[in-house]
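J.: Sequence plus the predicted model coming up.
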Amino acid sequence: HITPHPQHRIEQLSAAFTYMRTYFADRHAYLQALPELAAVDCSYTTQYWSDELYWRRRGLPGVPQAGDNVFIPGGEVVVIDVDTPVLGKLVIQGFVQISRSPRAGPDQPIVLNANYIFVLNGGRLQAGTPGSPLQGLFTIQLHGTRGSAPLVQRWGSKVLAVLKGGQLNLHGKARSASWTRLESNAVAGTRGIKLPAGAAMGWPVGEELMISTSSHDLHQTEVATLSAASSSGDVELAETLSYDHNGELYSFAGVDGDGYDGRAIVASLTRNVRIYGIGDAQDSWGCSMIIQGRAYVERVELRYCGKRGASGTGTVFPAVLVDGRGPGTISGYFRDSVVRQSYSDALATRGRVNFRNSLEFEVTGNLVFSVLGGTGYSLQAPVSAFSRNAAASIHMDQAGGGGIGFDTHSFPIDSNLAVGAELYGFQISAWECAGLPDLPINTAMACGSAGVHIVSNDFGRARCGRLTGFLSLMNRGAGFSSLVVGAFT
């Protein structure tokens with residue numbers, strides 16, 4: 001309301017203009033700080049997957065049916081607004097976007113079913129954006145069997161591949177932190193746990209939570225369903241706990257410091273954007289995401305991925321492979337996401353993708369398997385590894401059997417946590433005396449053979465090792481073990 005008095009009107013208009021200048025200046029600074037995005041040609045008409053006329057104009061019989069191979073050419077913009085049948089191949093060289101308003105209703109999920117999805121040559125598959133994440137439920141279901149004829153021999157079936165010139169943008173719903181720690185002891189036979197204030201407010205009722213082991217028994221990690229949460233940090237579970245879980249700091253006589261954090265981890269296991277491998281879990285043949293282009297993945301859940309016995313051999317293939325050997329430009333990130341129940345390594349990298357704040361749970365293999373000495377990527381702040389039945393949590397070499405592991409001195413591994421790995425929490429290959437990476441502020445807890453294991457990738461030569469601020473607690477075997485011949489700090 002503007003008063004009729006002229007002087008008051010001028011004052012109010014002046015205040016309004018001042019506010020607008022401040023607002024637009026702030027928005028300009030915000031936009032300038034955003035990463036540069038590729039320009040989108042808005043001249044193309046948006047088409048909808050459910051529109052039969054669109055497909056007929058392209059000379060096709062109608063909306064794609066089960067088993068069809070579908071090609072989205074460059075210059076086409078297609079919005080998936082309905083579930084698709086199980087397609088043979090979906091090849092994207094145009095722009096495919098997941099609808100925010102599904103045809104079946106605003107609260108209905110969308111499922112994209114295919115045996116193979118390829119994004120390449122300027123193509124883009126997008127669900128949400130960094131500034132406007134997808135709010136609804138979207139699932140990519142990858143189908144196929146061990147016996148399916150592979151389009152690329154070493155990849156097998158159930159593949160989502162981002163190839164040269166392709167871009168994948170998956171941005172799930174914003175939420176509170178992926179994981180936190182208990183604030184007090186949790187007691188077996190009860191349904192209540194205490195978390196930091198506000199920690200679980202972004203986790204919806206029905207969310208599956210992991211409560212990690214905090215003892216020498218690797219198998220005391222358990223899963224429960226969130227029933228209720230308060231802003232004060234009080235959480236009620238739908239099921240009673242089977243085990244006690246520590247919620248207090250450790251202290252040791254004669255050791256300086258305020259205590260060592262061995263509290264159990266509580267982590268959310270589900271996301272609203274999902275990639276699932278469909279099929280018999282007993283076959284150990286899951287889905288794989290291959291990155292040879294650009295991939296920006298956040299708050300996404302991968303489940304039933306990875307392969308054992310790939311290419312007809314005893315080898316394994318990871319849930320996510322960042323493959324810098326291909327001809328494309330590798331870049332992007334994988335953050336605040338979950339790799340769950342993978343049949344082999346969760347992440348293997350030869351390219352420039354940063355893994356941050358992500359969670360691995362029940363992986364038969366390693367959380368990260370870094371090979372061939374790639375550069376320009378990082379494992380930071382923090383990546384959390386929780387494995388039952390896993391070879392290890394983080395591994396860094398080509399030897400296998402470690403949890404968080406690397407064979408490159410240029411890979412930052414900072415503030416990571418390995419809990420419940422059956423062999424090693426961290427396995428590191430030693431390099432020349434000037435080259436071994438630090439392990440600052442990393443923690444291994446409740447692992448099997450050792451919290452951290454240092455090996456030499458060349459037993460004929462002396463190597464050096466260096467650890468900084470590393471914490472090893474409640475491991476069933478050694479806190480630290482080394483096969484390095486040479487100096488160690």
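T.: The structure has been received and is ready for your questions. Numbering: from 1, shown residues only.
J.: Surely Leu120 is in contact with Ile92?
T.: Yes - using Cβ atoms under 8 Å, Leu120 is in contact with Ile92, at 7.4 Å. Just so you know, the C-beta spots here come from the backbone N, C-alpha and C atoms, and that holds for glycine as well.
J.: neighbour-wise, which of these two wins?
T.: Ile92 (26 against 18; other Cβ atoms under 10 Å).
J.: So that one versus Arg56, what's the distance?
T.: Using Cβ to Cβ, to the nearest Å, we find Ile92 at a distance of 20 Å from Arg56.
J.: who does the longest strand seen in the chain touch, helix- and strand-wise?
T.: Longest strand in the chain, counting residues (DSSP state E): strand 110-119. Packing contacts for strand 110-119, counted by 3 or more Cβ pairs under 8 Å, 6 or more residues apart in numbering; DSSP states H and E, involve strand 87-92, strand 138-142, strand 159-162.
J.: Of all the ones you listed, which one is nearest Val316?
T.: Among the helices and strands packed on strand 110-119, strand 159-162 comes nearest to Val316, with 15.2 Å by Cβ to Cβ.
J.: Name the strands paired with that closest one and say parallel or antiparallel.
T.: strand 110-119 (parallel), strand 288-291 (parallel) (DSSP bridges).
J.: now those strands in CSV, with mean pLDDT and distance to Arg146?
T.: Formatted as CSV, the strands paired with strand 159-162 follow (pLDDT from 0 to 100; distance: least, Cβ to Cβ, whole Å):
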stretch, mean pLDDT, distance to Arg146
strand 110-119, 97, 13
strand 288-291, 92, 13
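J.: Columns distance to Leu483 and mean neighbour count on top of these, output as a markdown table?
T.: Putting these into a markdown table (distance: least, Cβ to Cβ, whole Å; neighbours: other Cβ atoms under 10 Å) gives the following:
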| stretch | distance to Leu483 | mean neighbour count |
| --- | --- | --- |
| strand 110-119 | 42 | 22 |
| strand 288-291 | 32 | 26 |
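J.: want to throw the ones you listed into JSON lines with distance to Thr46?
T.: JSON lines is the format used below for the strands paired with strand 159-162 (distance: least, Cβ to Cβ, whole Å):
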{"stretch": "strand 110-119", "distance to Thr46": "16"}
{"stretch": "strand 288-291", "distance to Thr46": "27"}
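J.: one step back: shared neighbours, Leu120 and Ile92?
T.: Both Leu120 and Ile92 are contacted by Gly166, under the criterion Cβ atoms under 8 Å, 6 or more residues apart in numbering.
J.: Touching, Pro196 and Leu182? I think so.
T.: No - look at Pro196 against Leu182 with Cβ under 8 Å: they stay out of range, at 9.2 Å.
J.: So which of those two has more stuff around it?
T.: A count of neighbours by other Cβ under 10 Å puts Leu182 above the other of Pro196 and Leu182, at 23 against 14.
J.: Next up, the contacts around the more buried one.
T.: With Cβ under 8 Å, 6+ apart, Leu182 has these contacts: Ile193, Lys194, Leu195, Ile211, His245, Asn246, Gly247, Arg263, Ala264, Val266.
J.: Then Gly279?
T.: If you count contacts by Cβ under 8 Å, 6+ apart, Gly279 has them with His143, Gly144, Thr145, Lys158, Trp285, Gly286, Tyr304.
J.: for those residues, which one is nearest Gln167?
T.: The nearest member of those to Gln167, counting by Cβ to Cβ, is Lys158 at 21.1 Å.
J.: where's that closest one relative to Cys305, distance?
T.: 8 Å.
J.: what's the answer for Tyr333, then?
T.: Tyr333 is 18 Å from Cys305, by Cβ to Cβ.
J.: More neighbours: which of the two?
T.: For Tyr333 versus Cys305, neighbours defined as other Cβ under 10 Å are more numerous around Cys305 (28 against 18).
J.: Tell me the bridge partners for that one.
T.: Beta-bridge partners recorded for Cys305 (DSSP bridges): Cys287.
J.: pLDDT score assigned to it?
T.: With respect to pLDDT, Cys305 scores 92.
J.: In terms of helix, strand or coil, where does Leu53 fall?
T.: On the three-state scheme (DSSP: H, G, I helix; E, B strand; the rest coil), Leu53 is labelled helix.
J.: How about Ile193?
T.: Looking at Ile193 with three-state DSSP, the answer is strand.
J.: What of Gly165?
T.: What three-state DSSP gives for Gly165 is coil.
J.: Contacts only, for it.
T.: Leu120, Asn121, Gly122, Gly123, Gly293, Gly328.
J.: now, among those residues, which is nearest to Ala444?
T.: Of the contacts of Gly165, the one sitting nearest to Ala444 (Cβ to Cβ) turns out to be Gly293, at 34.2 Å.
J.: pretty sure that closest one contacts Gln167?
T.: Yes - shown here, Gly293 and Gln167 form a contact pair, counting by Cβ under 8 Å, at 6.1 Å.
J.: Same drill for the two, tell me which one is more crowded.
T.: Shown here are Gly293 and Gln167; by other Cβ under 10 Å, Gly293 has more neighbours (27 against 21).
J.: on that earlier part again, overlap in contacts, Lys158 and Cys305.
T.: Common contacts of Lys158 and Cys305 (Cβ under 8 Å, 6+ apart): Gly277, Gly286, Cys287, Ser288.
J.: The residue nearest to Pro109 when sequence neighbours are not counted and Asp283: what is the separation?
T.: The shortest distance from Pro109 to any residue other than its chain neighbours is 3.7 Å, reached at Leu137 (Cβ to Cβ, 6 or more residues apart in numbering). Separation of Leu137 from Asp283 (Cβ to Cβ) stands at 26 Å.
J.: and those two? which has more neighbours close in?
T.: Higher neighbour count among Leu137 and Asp283: Leu137, with 17 against 14, using other Cβ under 10 Å.
J.: got the contact list for that one?
T.: Pro109, Ile110, Asn272, Arg274.
J.: that older thread, quickly compare the helices and strands packed on strand 110-119 and say which is most buried.
T.: Stretch with highest mean neighbour count among the helices and strands packed on strand 110-119: strand 159-162 (a mean of 25; mean count of other Cβ atoms under 10 Å).
J.: what comes into contact with that strand?
T.: Strand 159-162 has contacts (Cβ under 8 Å, 6+ apart) with 116-120, 125, 140, 142, 151-152, 155, 168, 275, 287-295.
J.: Which helix or strand lies directly C-terminal to it?
T.: Next along the chain after strand 159-162, taking DSSP states H and E as the criterion, comes strand 167-171.
J.: and that following strand with strand 110-119, angle?
T.: Here the directions of strand 167-171 and strand 110-119 differ by 150 degrees (axes from the mean of the first three to the mean of the last three Cα atoms, to 10 degrees).
J.: Strand 167-171 pairs with which strands?
T.: Using DSSP bridges, the strands paired with strand 167-171 are strand 124-127 (parallel), strand 294-298 (parallel).
J.: which other helices and strands contact the very next helix or strand once past the last one?
T.: The one in question is strand 294-298. The C-terminal neighbour of strand 294-298 among helices and strands, as given by DSSP H and E, is strand 300-303. If contacts are counted by 3+ Cβ pairs under 8 Å, 6+ apart, strand 300-303 sits against strand 273-277, strand 338-340.
J.: ok, and what's touching strand 300-303?
T.: The contact list for strand 300-303 (Cβ under 8 Å, 6+ apart) reads 170, 172, 269-271, 273-277, 287, 289, 319-320, 337-342.
J.: Go again with 7 Å.
T.: 170, 172, 270-271, 273-276, 319-320, 337-341 (Cβ atoms under 7 Å, 6 or more residues apart in numbering).
J.: from these, which is closest to Gly189?
T.: Distance to Gly189 across the contacts of strand 300-303 (Cβ to Cβ) is lowest for Thr270, with 25.4 Å.
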